[in-house]
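J.: Dropping a prediction and its sequence here:
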Amino acid sequence: MKKHRIQQKFLDELKQIPIVRIACERSGISHNSVYRWRAEDPRFASLMDEALAEGEDFVNDLTESKLLTLIKEKQFAAIRFWLTHRHPIYKKRIEAVTTETNNDAEEERIIKELGLTEEDFTDEKRDITVRRIADYLSSR
């Protein structure tokens, strides 16, 4: 019966803060015990998954509430975060910028790997450089 009470305290803590190590500390048990119980007892594993999900929902609600408070306080970073993650028009724009940034990073990596300099992109050397890059890309 004592084990059941300890497990329940752990699960209750996990619902408040969905971080296993913190829930262990707050309930006074080792994380090794928790993972042993999880491996040995499918019912406990299921209850733990439910507690984690409930805790994550709780933290998500809390976080969203704080974000909305910041938006009401006209905090630009919060406004931008909300729009780029929740508003379809701004979300598409940020995805386009991210794709462009990723492409730029890939281009820079290839240029560095091939040891290319500005001189390699002059009119006189451009054709040779394009062939080098094409050969490089086809060999990958």
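T.: It's in. Numbers count the residues shown, from 1 in each chain.
J.: what helix or strand is the residue nearest to the spatial centre of the chain on?
T.: Using Cα atoms, centre = their mean, the residue of the chain that lies closest to the mean C-alpha position is H85, 13.1 Å off. Of the helices and strands defined by DSSP states H and E, H85 is found in helix 76-86.
J.: Same question for R43.
T.: Using DSSP H and E, R43 maps to helix 42-72.
J.: elements contacting that helix?
T.: For helix 42-72, the helices and strands in contact under the criterion 3 or more Cβ pairs under 8 Å, 6 or more residues apart in numbering; DSSP states H and E are helix 2-16, helix 31-40, helix 76-86. (C-beta placed from N, C-alpha, C; glycine too.)
J.: Rebuild these as JSON lines, extending it with distance to L68.
T.: Rendered in JSON lines, the data for the helices and strands packed on helix 42-72 read as follows (distance: least, Cβ to Cβ, whole Å):
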{"stretch": "helix 2-16", "distance to L68": "21"}
{"stretch": "helix 31-40", "distance to L68": "34"}
{"stretch": "helix 76-86", "distance to L68": "8"}
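J.: Out of those, which is the most enclosed?
T.: Using mean count of other Cβ atoms under 10 Å, the stretch among the helices and strands packed on helix 42-72 with the largest mean neighbour count is helix 2-16, at a mean of 16.
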